[in-house]
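Enquirer: Have a look; sequence and predicted model below, questions after that.
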Amino acid sequence: MKSKLDFFGKNSINPESHDYLITYILSLLDTQSLGRAARVSKDWNTLVTLTRRYLDLLPTIRRIPCFNTVGLDVLRLKLLAGGMTNTTYKVGIRSMHEEWVLRIPGEGSSAFIAREDEAHNALQAEKLEINVPVPYFDPVDGLQLTRFVDGVKLDEEALARKDILHSIAAIMRRLHCSKPFPNKVTIFERNEELLQVLKDKKFPFSGDIGFIEAQMGELKKLFSAYHIEMRPCHNDATPLNFILSFEGEEHNIKIKLHMIDWEYSSSNDLIWDLVYFALEGNLSQEQTLILLSSYFDMEHVPEAVLAWVEIYKPIIEWWITIWSWTQMANKANAVGIDAYKELGETCYKKTLIYLNSEEYKSAFSSIEDEKAKVTFSGHRAF
């Protein structure tokens, strides 16, 4: 066997060019021959590893009715980079133009996820043309097949455009104004329960969490005075869960957005999605105001809205912190353990920064003052 892959062409040293062909040929080898192939060179070892992964993947792929007889001779698979909960592959079939995305939930990643609720919410969002088409969803374990949408990420350049921020506000508003999801999230109770589980497991926290727990207790008390309407929310509205594409001709191009990955979706406070997106997208104050102004269809965002936006920042960072620690404790494997650790430490520090900020303290006082008014009805002023 040659030490290089040159018999597949000059550029074959790049496995992306011919990986489907090479992996199919390698899949025909017996175990011993495959082991010998892996020892030829680093490139061969990479391709053998890929072949074994695809062979292990076949039984899962064949659970999907439209793929129940396919093999590596016709499958076109490509591992996609992305989230910290699942493994995803771009899937194609030889001679077919249509492509899909296969999502396989990672081990230890479903501590917060009810797959039946996700299935319902993902399909509801599909009917609203917010989610991408979902040809297959297994509510038992979350195996999902969605239509591949050829789009681009919501990167820094995209988020600098006002028209795109307006489109993001519009798709969120369309979601929030739709029929409520059957499941609801109770933010503080969920966090308390997960934190207690971590304590029981003697999890090594990044630092003293007592101050944060006390502050969250005060926030819980403050929130309990309000009757907050529960709206259908994505709850993981990071820019990574948006697909941006464009439709139309050169002089009439329209922005098209999809929201994907509905694992954490539920009925919740609509402010959660807006603040989550602003935090995860690292939006500036100006960008955040553009998003909020467009969402509420107001030239000037009311101070009451801005106070609730500020108050949610440490709550969301604390949730992501607990989420990361729980992934570590459960030995989740969608990404390396260091990625969960780094995210947890970063968000833990951000939680403290926000709780100690003057903006947060002012917002908390503002909401408390509203609650103390004789005319207070339990409803927010927006």
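Expert: Okay, I see it.

Enquirer: E303 - how many residues pack around it?
Expert: By the criterion of other C-beta atoms under 10 Å, E303 has 12 neighbours. C-betas here are computed from N, CA, C, even on glycine.

Enquirer: brain fart, E157
Expert: Applying other C-beta under 10 Å, we find 10 other residues in the vicinity of E157.

Enquirer: where's it, which helix or strand?
Expert: Taking DSSP states H and E as the definition, one finds E157 inside helix 156-159.

Enquirer: Now that helix: average pLDDT?
Expert: Across helix 156-159, the average pLDDT comes to 96.

Enquirer: can you check stretch 98-109 too?
Expert: Within the predicted structure, the mean pLDDT of stretch 98-109 is 85.

Enquirer: How far away from the center of its chain is the helix holding E157?
Expert: A distance of 18 Å separates the centroid of the chain from that of helix 156-159, by C-alpha atoms, centre = their mean, to the nearest Å.

Enquirer: Let me know whether my guess that I255 is in a strand holds.
Expert: Yes - I255 sits within a strand when classified using DSSP: H, G, I helix; E, B strand; the rest coil.

Enquirer: what are the bridge partners for it, then?
Expert: Residues in a beta bridge with I255, per DSSP bridges, are F246.

Enquirer: Where does pLDDT dip in the stretch 51-200 of the chain?
Expert: For the stretch 51-200 of the chain, residues meeting the criterion pLDDT under 70 lie at 82, 108-111.

Enquirer: try 90 this time
Expert: Within the stretch 51-200 of the chain, the ranges that satisfy pLDDT under 90 run 51, 53, 66, 69-74, 78-87, 94-97, 105-113, 153.

Enquirer: So which residues of it form helices?
Expert: 115-127, 156-159, 162-176, 187-200 (DSSP state H, counting those that start in this stretch).

Enquirer: Helix 115-127 and the third one, what's the angle between them?
Expert: The reference is to helix 162-176. Interaxial angle of helix 162-176 relative to helix 115-127 (axes from the mean of the first three to the mean of the last three C-alpha atoms, to 10 degrees): 120 degrees.

Enquirer: Quick one: distance of helix 162-176 to the chain centre.
Expert: Per C-alpha atoms, centre = their mean, the displacement of helix 162-176 from the mean C-alpha position of its chain is 17 Å.

Enquirer: other SSEs contacting it?
Expert: Using 3 or more C-beta pairs under 8 Å, 6 or more residues apart in numbering; DSSP states H and E as the contact criterion, the secondary-structure elements in contact with helix 162-176 are strand 231-233, strand 254-259, helix 270-280, helix 285-296.

Enquirer: other SSEs contacting the first one?
Expert: For strand 231-233, the contact count by 3+ C-beta pairs under 8 Å, 6+ apart identifies helix 162-176, strand 266-268, helix 270-280 as packing neighbours.

Enquirer: for it, the distance to its chain's centre please.
Expert: The gap between where strand 231-233 is centred and where its chain is centred comes out at 16 Å by C-alpha atoms, centre = their mean.

Enquirer: Pull up the pairing partners for that strand, direction included.
Expert: With DSSP bridges as the criterion, the sheet partners recorded for strand 231-233 are strand 266-268 (antiparallel).

Enquirer: Residues touching the partner strand, excluding its own?
Expert: Counting by C-beta atoms under 8 Å, 6 or more residues apart in numbering, the neighbours of strand 266-268 from elsewhere in the structure are 117, 121, 180-185, 187, 230-233, 235.
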